[in-house]
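Asker: Would you be able to build a 3D model of this:
(one chain, ligands or ions: 1)
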Amino acid sequence: MTTTLIRGGTVVTERGRRRADVLSRDGRIAAIGDKLEAPAGAEVIDVGGCYVMPGGIDPHTHMQLPMMGTVMADDFFTGTAAAAAGGTTTILDFVGPEPGQLPLEALAIWRERAAKSAVDYGFHMTVSWWSEAFSAAMASLVNDHGIASFKFFLAYKGRLMLPDEELIAGFRRCRDLGALVQVHAENGELIAYLQQKVLADGITSPLGHALSRPSQCEGEATLRAITMADIVDVPLYVVHVSAAEAADAIGQARRRGAKVIGETLPGFLAIDDVVYRAESFDIAAGHVMSPPYRPKGHQEAIWRAVETGTLSTTGTDHCCFTKAQKRLGLDDFTKIPNGCGGVEERLHVLWHLGVNSGRLTPERFVALTSANAAKAFNLRPRKGSLEVGADADLIVLDPERTRTLSASTQHQNTDFSVWEGMQIKGVVTHTLARGRHVWADGDLRAERGAGSYLPRKPFGAAYTATI
Ligand SMILES: [Zn+2]
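Answerer: Below is the predicted model of the structure:
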């Protein structure tokens, strides 16, 4: 194993910053301090003027996911390599059983797919259907396989959506196992109704996607999920919060002490629904994801929720498709594969929009990109902290360096980017993933299969949301 000394930077954690050198040895952080000596044979990286921070944890990706008649464009290798190029050193992906497929069978398939990952990875399990057998298998998932979070869909009627009765049963099962409940919160019944209505009105273009998923649908489902989790008494994690109504519901619940954690995506801080009116089908369809980008005004509401601590984590919902794949929905917006990329750009966009504008401190940036996800998903102390003994997952960010984001220069395996042409200031120049120097100033050295599976422990009865 290699030894690396990162010299002369400012080390930032979610609790503070100080000028210090960091020594990585055998995949762990071996020392942090002033003027550390470089051991014989160590690689030395001089990073004066730069920040040294924990590697990003993206708690929400969908590598290699089969969806709507095609497969997401990044596999676990290309997707995690792109992640490393953007400073993310851990992903949490979703195992998605087919209807009727037992979760352990699906897990085996995902474990095999993910074995080519370049960075460490763990899994959540999607509760894509419900039965006694599924419920029984959850105990083994939690206790034997390190799956400690389960995602429930309140949307996608006829595919993933569960009725309230089954949501309540699933939430109770999670509570009994000490697992975290995650929800995709949109009202699937209303969306199914609106999709038919919008199509009947003759709108088949990507604009129909936004028109059929208004923000109220997210607000209602978020409040319903919070209410159910509250009464069942299980902690709740709301993925990809995009709507002001949803952020309000989470804020109110947290103020009265409910155990609710909210995640948002950088896109929801910056991109509005005007993209669905683009003349180019490729551009409009390229932005089709669920929930959709929201009307102007929601972005500011989501920013305020991030600034005030209502929202605690950022993910990407990384699920990119090529322009050709998106054209499956050329004549019907309900057939456009849902998803956008972003695992590579999350840290850059958040730093540029958040830290450069003064809305986020570097410490809060670390909390939002790494530390809070490690807490929410029980990855501490190995991940999300820059401390002696933790995994040597870290990044160097040069706050003066600039770059233009573009599909033509990204490592994500697609020909589209929602960030096309965006000029950012603050660039990840180096990434260490468990001590391996995988991103070296523009040189991507990601290795197929170098990442390891991260089994996670349940929280048990003691769990309370403190982030
Ligand atoms: Zn997702």
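Asker: Just give me the residue right at the centre of this protein.
Answerer: residue 315 (2.4 Å; Cα atoms, centre = their mean).
Asker: From what I see, that one and residue 83 are in contact.
Answerer: No - if you go by Cβ atoms under 8 Å, residue 315 and residue 83 don't touch, sitting 11.6 Å apart. Glycine gets a C-beta too; all of them are placed from N, C-alpha and C.
Asker: Could you name every residue contacting both of those two?
Answerer: Both residue 315 and residue 83 are contacted by 58, 61, under the criterion Cβ atoms under 8 Å, 6 or more residues apart in numbering.
Asker: in its sheet, what does the one helix or strand in the chain whose mean pLDDT sits lowest sit against?
Answerer: Scoring the helices and strands of the chain by mean pLDDT, DSSP states H and E places strand 66-67 at the bottom, with a mean of 90. Strand 66-67 pairs in its sheet with strand 70-71 (antiparallel), by DSSP bridges.
Asker: Check the offset of the partner strand from the chain's centre.
Answerer: Mean-position distance between strand 70-71 and its chain equals 20 Å (Cα atoms, centre = their mean, to the nearest Å).
Asker: Please apply the same query to stretch 149-162.
Answerer: 18 Å.
Asker: buried sites along that stretch?
Answerer: Buried residues in stretch 149-162, defined by neighbour count with 16 or more other Cβ atoms under 10 Å: 149, 150, 151, 152, 153, 154, 155, 156, 157, 160, 161, 162.
Asker: Tabulate the residues you listed in a markdown table, adding columns for distance to residue 288, secondary structure and pLDDT.
Answerer: Formatted as a markdown table, these follow (distance: Cβ to Cβ, whole Å; DSSP: H, G, I helix; E, B strand; the rest coil; pLDDT from 0 to 100):
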| residue | distance to residue 288 | secondary structure | pLDDT |
| --- | --- | --- | --- |
| 149 | 26 | strand | 97 |
| 150 | 26 | strand | 98 |
| 151 | 20 | strand | 98 |
| 152 | 23 | strand | 98 |
| 153 | 17 | strand | 98 |
| 154 | 19 | coil | 98 |
| 155 | 14 | coil | 98 |
| 156 | 14 | coil | 96 |
| 157 | 18 | coil | 96 |
| 160 | 17 | coil | 96 |
| 161 | 19 | strand | 97 |
| 162 | 23 | coil | 98 |
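Asker: among these, which two are most distant?
Answerer: 149 and 157 (23.5 Å; Cβ to Cβ).
Asker: out of everything not next to it in sequence, what's closest to residue 100?
Answerer: residue 129 (6.5 Å; Cβ to Cβ, 6 or more residues apart in numbering).
Asker: Am I right that residue 100 falls within a strand?
Answerer: No - assessed with DSSP: H, G, I helix; E, B strand; the rest coil, residue 100 is coil; it does not lie in a strand.
Asker: What is the burial count for it?
Answerer: When neighbours are defined as other Cβ atoms under 10 Å, residue 100 has 10 of them.
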